[in-house]
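*Asks:* how would this look folded up:
(4 chains)
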There are 2 protein chains.
Amino acid sequence: MKPNVYAADCPTRQILDRVGDKWAVLILLLLREDPMRFNQLRRTIEGISQKMLSQVLKSLERDGLITRRAIATVPVTVEYSITQLGVTLAAAVDPLRDWAEENLKDVLAAQRRYDAQLKEEAA
Amino acid sequence: MKPNVYAADCPTRQILDRVGDKWAVLILLLLREDPMRFNQLRRTIEGISQKMLSQVLKSLERDGLITRRAIATVPVTVEYSITQLGVTLAAAVDPLRDWAEENLKDVLAAQRRYDAQLKEEAA
DNA sequence: CTCTGTAGTAACCAATAGTTACTAGATATC
DNA sequence: GATATCTAGTAACTATTGGTTACTACAGAG
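*Replies:* This next block holds a predicted model:
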């Protein structure tokens, strides 16, 4: 019954890859707060390009994590909302975000130590 | 006090990126079980190349999540172990892996629905 | 004397991430 | 009346990363 996450063909690994997506997680956490339109998302998430946003929204929709609703205004506006499934995933991501916030200092300190060590050895 | 994860310069986002690394998470979960040598890891994680393994191990060490210990045998063996910090991160990843295992079916079903819909519209 | 094992590195190639310009139609601005 | 702005993307291109493969050097097994 226990899937082997280390096997190349393990489908669970596909999901971990999806979550590994830099932008997907940010979008999911945002949409959990409120439904949002395309350009609204683009403005909120600094650094994301139109192409990546479009791409990631599509794959999130494909996975059933968000839904897309076109509203017949002029010009057409499109609203993205999180699904029930998406909410459960976002909840699973929360501990990770919390860990990042709590342990950021330690990680940065470790990086400084490592880099200083390398410099020393080079000298 | 609340960092804005959506800001481009938010350091927390760096950490999320790191976790987003496809291989890093797998290595972390493996090393939590037992310390392992380089080639042992390579054989266990299907599909990883020498270069990626080497690269990811280095960055995990830099972040203070694992430690590297060279043992003076012939040929030299190198043992990688998880750190205390790494253990806490692995724990934060657990809910994610659990989510993936639980909801894999739903996601795959959603993908099939989406793809079928597209096909229909194309016809 | 060739084959295996050790832990990587270097050079190269493929795939993905990211950038930028563009669509079309309506509304606001000058 | 011409220009700029808004909507949600797409298409073509480039930069960056991911991945493959060959190679190092030395010891032990067969």
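*Asks:* From now on I want contacts and neighbour counts done on CA atoms only, so please keep to that.
*Replies:* Noted.
*Asks:* Surely A:L89 is in contact with B:D98?
*Replies:* No. With contact defined as Cα atoms under 8 Å, A:L89 does not reach B:D98; the gap is 10.1 Å.
*Asks:* more crowded one of those two?
*Replies:* A:L89 (21 against 13; other Cα atoms under 10 Å in any protein chain shown).
*Asks:* dump the residue contacts of the more buried one.
*Replies:* B:L96, B:W99 (Cα atoms under 8 Å, 6 or more residues apart in numbering or on different chains).
*Asks:* Does it lie in a helix or a strand, and which?
*Replies:* helix A:84-122 (DSSP states H and E).
*Asks:* In which helix or strand does the spatially most central residue of chain A reside?
*Replies:* The residue lying closest to the centre of chain A (Cα atoms, centre = their mean) is A:V25, at 1.6 Å. A:V25 belongs to helix A:22-33 when assigned by DSSP H and E.
*Asks:* What residues sit buried inside that helix?
*Replies:* Residues of helix A:22-33 classed as buried by neighbour count (16 or more other Cα atoms under 10 Å in any protein chain shown): A:K22, A:W23, A:A24, A:V25, A:L26, A:I27, A:L28, A:L29, A:L30, A:L31, A:R32.
*Asks:* Centre of the chain to the helix or strand following it, how far?
*Replies:* On the C-terminal side of helix A:22-33, the closest following helix or strand by DSSP H and E is strand A:36-37. Offset of strand A:36-37 from its chain centre (Cα atoms, centre = their mean, to the nearest Å): 16 Å.
*Asks:* what's the answer for stretch A:20-27, then?
*Replies:* Per Cα atoms, centre = their mean, the centroid offset for stretch A:20-27 relative to its chain is 2 Å.
*Asks:* Who are the packing partners of the strand or helix carrying A:V19?
*Replies:* Secondary-structure assignment from DSSP H and E places A:V19 in helix A:11-20. Under the contact criterion of 3 or more Cα pairs under 8 Å, 6 or more residues apart in numbering or on different chains; DSSP states H and E, helix A:11-20 touches helix B:11-20, helix B:22-33, helix B:84-122.
*Asks:* hmm, 10 Å instead?
*Replies:* Using 3 or more Cα pairs under 10 Å, 6 or more residues apart in numbering or on different chains; DSSP states H and E, the elements in contact with helix A:11-20 are helix A:22-33, helix A:50-62, helix A:84-122, helix B:11-20, helix B:22-33, helix B:84-122.
*Asks:* right, is that helix up against DNA strand C?
*Replies:* No. Helix A:11-20 stays clear of DNA strand C (Cα under 7 Å from any atom of the strand), getting no nearer than 8.9 Å.
*Asks:* which parts of that helix are buried?
*Replies:* A:P11, A:T12, A:R13, A:Q14, A:I15, A:L16, A:R18, A:V19, A:G20.
*Asks:* CA-only coordinates of it in CSV, if you can.
*Replies:* Provided in CSV are the C-alpha atoms of helix A:11-20 (Å, rounded to 0.1, in the frame of the first residue of the first chain):
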residue,chain,number,x,y,z
PRO,A,11,2.6,9.3,-9.4
THR,A,12,2.9,10.9,-6.0
ARG,A,13,6.1,12.4,-7.3
GLN,A,14,4.1,14.2,-10.0
ILE,A,15,2.1,15.9,-7.3
LEU,A,16,5.2,16.8,-5.4
ASP,A,17,6.6,18.3,-8.6
ARG,A,18,3.4,20.3,-9.0
VAL,A,19,3.7,21.7,-5.5
GLY,A,20,7.3,22.3,-6.2
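*Asks:* ok now that helix, how far from the chain's centre?
*Replies:* The answer for helix A:11-20 is 12 Å, by Cα atoms, centre = their mean.
*Asks:* Endpoints of stretch A:70-81, how far apart?
*Replies:* End-to-end distance of stretch A:70-81 (Cα to Cα, to the nearest Å): 11 Å.
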